[in-house]
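would you be able to build a 3D model of this:
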Amino acid sequence: MTSLVDYDDSDSEEPFLGKSDIVLEREEERRWHTSFTSNSDLHYDKDQTKCYTAPSCRPRELLSSKWHPQRTFEYTQQPINPPFPALRNSVAESAKRPQPTSDLSLRPYVSKRQKLTTRAESAELNNASSFNLQATNLHLLSEVSERVRPFLGRKDKRTGLPRYVQHHLQAHQGPVNTVQWCPVPHLSHLLLSASMDKTFKVWDGAGSGRCLRTCSVHCGAVRDVCWLPCGRRLLSGSFDNMAAVTDVETGQVIAKVENQFKVTCLAFQPLDPSIFLCGGFSSEVKAWDSRSCKVVSVYRAGIQQTLDILFLSEGKEFVTSSDAVSRDSADRTLIAWDFRTTAKVSNQIFHERYTCPSLALHPQEDSFVAQTNGNYIAIFSAQKPYHINKRKRFEGHKVEGYAVRCEMSSDGTMLASGCSTGSMHFYDCQSAHSLLRLHAHQQACVCVSLHPVLPAVVATCDWGGEIKIWN
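Next up is the predicted model:
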């Protein structure tokens, strides 16, 4: 009998228990239930440091032998950490179980014909939207803006001071060299910008602030760009030695000429806009005819670089600014030229040891101003012998080697200038007193352009690629 009980047959489903064994088992089971308060499978002692398995839940191999508490304790005691870690483990395991997927992730069946129809409709909508956008851009490039229309024909065009930013444009990938409003009144909502990222762009500056045209006609940085008097064409110069005339509406290049130097400044002839001047990293200034793409005249001076070119009122003479500075005087910093004969009219205009990166003409008086690296703007007479006004100068901003531009308002009452510290400055032309100083950019503000029609509308650009429209 003992051999039959101790024999463990793995194929048998239930072990054989004698009558005496069954009686012992029931007695011991009664003892377990009266000794512990919990009826669960795991019973905890009063000090809650050990757990025991109830007789009904003990392993099957123990059922095949005579069972007693001491032997069961050897098999089943387990140290635990209160309170009830088994319950916490079961909750954690249930949280780790994968949740059933929702039916919302299932996509309805769409036939191939329906897919092709949907794609065709979306393509038609995209084409229609792009066509409408192009039509809107062409309309803005050729027609008067609703923002400018109420101000056309007004006689009291007095320039105001800006107070807040209307548009913040970040479209150029490089420093912006210049911004300029279109000089034609009914197209004056258009803003032109040139950048070192080899492009120049036309913006709806006075309206939505959207880019209307991007021109990539150069292989190098675009150093200077300007509007022609008709407002339909743009003149640009680049570091790729090229100067180009581009149509605003179509973006097509009308004329393109190649110089033997990097172009840094441009100016068209006021009486004949088809002729323009190119200056740059050379001792020469060339006059080109955009109709034949040939050189008309060459103006030679003992300099290394031309910084800016400015035609005087009648277009018979022009002034160039160079980087030539001697030890005691700057006898070639500003040079006046005769446009027809290519002769030097005067080179004894500015006698201080500062270069002049920018020139601007007064719209109503026979005078012009020159931005100097001495951190001030000097005033000169536009008539021979081009005397400097020693009693009046515009001070308060800083240049510090940047090509900071200055500009006169259309009514001639205000002068605007950028600053190397990122601010823009406004001066009264009569008293030369500072009217307003606004911090515009984080980097050097190199250009400030006053709107020719809208009062208190100003465009600024900086060396970091930002353009801001102020109102």
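
show me what the one helix or strand residue 448 maps to is in contact with.
With elements taken from DSSP states H and E, the one containing residue 448 is strand 445-450. Outside of strand 445-450, the residues that reach it under the criterion CB atoms under 8 Å, 6 or more residues apart in numbering are 159, 175-181, 191, 402-410, 414, 416-424, 457-463. (Each C-beta comes from the backbone N, C-alpha and C, glycine too.)

low pLDDT regions in this protein?
For the chain, the stretches flagged by pLDDT under 70 are 1-106, 122, 124-140, 142, 325-331.

report the central residue of it.
Averaging the C-alpha coordinates of the chain gives a centre point, and the residue nearest to it by CA atoms, centre = their mean is residue 170 (3.3 Å).

tell me the spacing between that residue and residue 464.
Summarising the geometry, the distance separating residue 170 from residue 464, computed by CB to CB, to the nearest Å, is 9 Å.

then residue 392?
The separation that residue 392 has from residue 464, given CB to CB, amounts to 33 Å.

repeat that for residue 380.
Residue 380 sits at a distance of 32 Å from residue 464 (criterion: CB to CB).

who's more crowded, those two?
Shown here are residue 380 and residue 464; by other CB atoms under 10 Å, residue 380 has more neighbours (21 against 16).

secondary structure element for the more buried one?
strand 376-381.

on that earlier part again, check the offset of the strand holding residue 448 from the chain's centre.
Its chain's average C-alpha position is 18 Å from that of strand 445-450, according to CA atoms, centre = their mean, to the nearest Å.

buried subset of the contacts of strand 445-450?
Among these, the ones that count as buried by 16 or more other CB atoms under 10 Å are 159, 175-181, 191, 402-410, 414, 416-420, 422-424, 457-463.

what's the burial count for the nearest residue to residue 263 once chain neighbours are set aside?
The shortest distance from residue 263 to any non-neighbouring residue, by CB to CB, 6 or more residues apart in numbering, is to residue 237 (3.2 Å). When neighbours are defined as other CB under 10 Å, residue 237 has 28 of them.

host element of residue 237?
Secondary-structure element containing residue 237, defined by DSSP H and E: strand 233-238.

so what touches that strand?
Contacts of strand 233-238 from elsewhere in the structure, counted by CB under 8 Å, 6+ apart, are 192, 194, 198, 200, 202, 215, 217-228, 243-248, 254, 262-266, 268, 276, 278, 280.

just the CA coordinates for that strand, please, in PDB.
Included here for strand 233-238 are C-alpha records, laid out as PDB according to Å, rounded to 0.1, in the frame of the first residue of the first chain:
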ATOM      1  CA  ARG A 233      11.000  97.400 -64.700                       C
ATOM      2  CA  LEU A 234      13.800  96.700 -62.200                       C
ATOM      3  CA  LEU A 235      17.500  97.400 -62.400                       C
ATOM      4  CA  SER A 236      19.700  95.100 -60.400                       C
ATOM      5  CA  GLY A 237      23.500  94.600 -59.900                       C
ATOM      6  CA  SER A 238      25.200  91.600 -58.400                       C
END
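
that one pairs with which strands, and in what direction?
Here strand 233-238 is paired, per DSSP bridges, with strand 222-227 (antiparallel), strand 242-247 (antiparallel).

most packed of those?
Mean neighbour count, computed with mean count of other CB atoms under 10 Å, is highest for strand 222-227 among the strands paired with strand 233-238, reaching a mean of 24.
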